[in-house]
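[1] this one's structure only:
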């Protein structure tokens with residue numbers, strides 16, 4: 001079992017493939033040492049030569065976890081090997097593998113400095129020993145540079161493939177995160193729609209039922225049958241409207257994609273009159289003033305519709321059936337935004353006096369939902385008691401992205 005080597009404080013073990021490559025290089029080097037032509041003045045490796053060759057082969061086992069250390073070991077062990085005049089061709093395969101591994105590991109600057117230093121050292125040694133070996137210098141320098149360039153090309157190709165794989169994985173993660181975020185956003189939208197729909201409908205039905213019950217028990221001898229019928233018809237109409245909207249919302253849950261074909265057209269400014277009529281059927285006195293462009297972005301129109309719906313629901317629920325409500329929807333051309341304002345005068349009979357501080361209207365899910373709807377289209381919403389008069393006020397500014405003229 002080979003011993004581990006420490007690289008920057010980490011102990012790493014050679015891979016089996018690197019060990020197998022070291023064995024293959026050893027076989028080729030041994031064949032060269034035994035069969036290659038012996039240069040003039042050299043000899044077959046003796047015992048010391050074989051030990052040095054074995055050490056060179058063993059160093060290649062760490063060419064991947066520690067390429068610089070393996071390269072340095074190969075070069076350092078060759079110095080005494082060549083100095084002892086052993087067959088000079090035998091270490092060549094190990095040198096090729098060491099240079100390639102160093103270039104493949106990178107970085108490029110280190111490879112250039114190390115290979116350049118090696119070539120300079122070889123040139124100095126050969127010219128010092130024998131000036132006639134200029135051709136050997138060129139030959140050795142040529143294959144060292146070629147091997148280094150091949151390793152650098154392989155490193156660039158590897159990094160290119162890694163970048164492609166990383167981009168593909170990142171794109172896949174982004175698609176999954178986007179799909180998950182859309183699912184969460186769709187669930188929140190459905191939850192807000194259900195809250196607005198049920199709160200609005202149940203509140204109106206409760207008020208209309210109270211009106212009908214009051215008419216039935218207040219003066220049975222002079223029963224106003226027409227008023228009772230109107231209250232009951234209002235309840236029936238509210239139920240039909242709520243059932244239609246609930247069916248549309250549940251279709252999204254059944255399909256699971258939230259597609260436009262499943263939900264149909266979103267509610268918009270055209271539905272504000274129906275909201276006013278539904279609130280009036282519950283006894284509220286609603287004045288609706290819409291001075292906006294007929295075509296606003298669909299998401300902005302839907303947000304304005306839901307804000308008005310929830311504001312009317314809160315007004316009827318907290319101020320009672322006789323509340324006066326002013327709904328204003330205007331388009332601001334300078335700001336390119338839709339302005340929505342819903343103001344009620346508080347419980348009927350209180351007049352224009354402000355509410356006492358002891359009974360503030362608690363901000364629940366309805367107001368929080370209106371704020372979220374305004375933020376969903378990049379707008380802002382404020383809600384609170386009127387400072388100088390009784391009642392509650394909701395104001396929203398919803399930016400409208402206009403299409404450029406053709």
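    Nice, thanks for sending it over. None of these values were measured; they are calculated from a predicted model. Numbers count the residues shown, from 1 in each chain.
[2] state the mean pLDDT of the helix or strand residue 187 falls within.
    Per DSSP states H and E, residue 187 falls inside helix 134-218. If you average the pLDDT over helix 134-218, you get 79.
[3] other SSEs contacting it?
    With contacts taken as 3 or more Cβ pairs under 8 Å, 6 or more residues apart in numbering; DSSP states H and E, helix 134-218 sits against helix 92-105, helix 108-129, helix 225-255, helix 272-281, helix 298-319, helix 365-376. Every residue, glycine included, has its C-beta placed from N, CA and C.
[4] ok now the first one, how far from the chain's centre?
    In terms of Cα atoms, centre = their mean, to the nearest Å, the centre of helix 92-105 is found 42 Å from the chain centre.
[5] do the third one as well
    Taking the mean C-alpha point of helix 225-255 and that of its whole chain, the gap between them comes to 40 Å (Cα atoms, centre = their mean).
[6] now do that helix: which elements does it pack against?
    helix 134-218, helix 260-263, helix 272-281.
[7] tell me the angle that helix makes with helix 272-281.
    Interaxial angle of helix 225-255 relative to helix 272-281 (axes from the mean of the first three to the mean of the last three Cα atoms, to 10 degrees): 130 degrees.
[8] now helix 225-255: average pLDDT?
    70.
[9] looking at the helices and strands packed on helix 134-218, which one is packed in the most?
    helix 298-319 (a mean of 24; mean count of other Cβ atoms under 10 Å).
[10] and the next helix or strand past that helix?
    Next along from helix 298-319, by DSSP H and E: strand 324-332.
[11] list the buried ones in that following strand?
    Going by neighbour count (16 or more other Cβ atoms under 10 Å), the buried part of strand 324-332 is 324-329, 331.
[12] swap in stretch 39-47?
    Applying 16+ other Cβ under 10 Å to stretch 39-47 flags residue 45 as buried.
[13] ditto for stretch 50-62
    50, 52-53, 56-62.
[14] of all those residues, which comes closest to residue 201?
    Distance to residue 201 across the buried residues of stretch 50-62 (Cβ to Cβ) is lowest for residue 62, with 75.3 Å.
[15] what does stretch 51-60 contact?
    2, 18, 21-23, 25-26, 29-30, 33, 45, 69-70, 73-74, 77-78, 80-81, 86, 90-91, 94, 97-98, 101 (Cβ atoms under 8 Å, 6 or more residues apart in numbering).
[16] now, which of those lie within helices?
    Per DSSP state H, helices hold the following members of the contacts of stretch 51-60: 18, 21-23, 25-26, 29-30, 33, 69-70, 73-74, 77-78, 80-81, 94, 97-98, 101.
[17] can you say which of those are buried?
    18, 21-22, 25-26, 29-30, 33, 70, 73-74, 77-78, 81, 94, 97-98, 101.
[18] do you know the pLDDT at the nearest residue to residue 67 once chain neighbours are set aside?
    Spatial nearest neighbour of residue 67, chain neighbours left out: residue 105 (4.0 Å); criterion: Cβ to Cβ, 6 or more residues apart in numbering. What the model reports for residue 105 is a pLDDT of 89.
[19] now do the same contact list for residue 105.
    Residue 105 neighbours (Cβ under 8 Å, 6+ apart): 64, 67-68, 155.
[20] farthest pair within those residues?
    68 and 155 (14.3 Å).
[21] just for the stretch 1-150 of the chain, where's the confidence low?
    The stretch 1-150 of the chain contains residues with pLDDT under 70 at 1-14, 125-136.
[22] kindly recompute the last result at 80.
    1-15, 39-41, 122-140 (pLDDT under 80).
[23] so what does residue 377 look like in phi/psi?
    phi -110, psi 20 (degrees, to the nearest 10).
[24] tally of neighbours for it?
    20 (other Cβ atoms under 10 Å).
[25] so residue 18 touches residue 70, yeah?
    No. If you go by Cβ atoms under 8 Å, residue 18 and residue 70 don't touch, sitting 9.1 Å apart.
[26] which residues do the two both contact?
    Residues touching both residue 18 and residue 70 (Cβ under 8 Å, 6+ apart): 60-63.
[27] quick one: which of the residues you listed is nearest residue 167?
    Nearest to residue 167 among the shared contacts of residue 18 and residue 70, with distances taken as Cβ to Cβ, is residue 63, at 29.1 Å.
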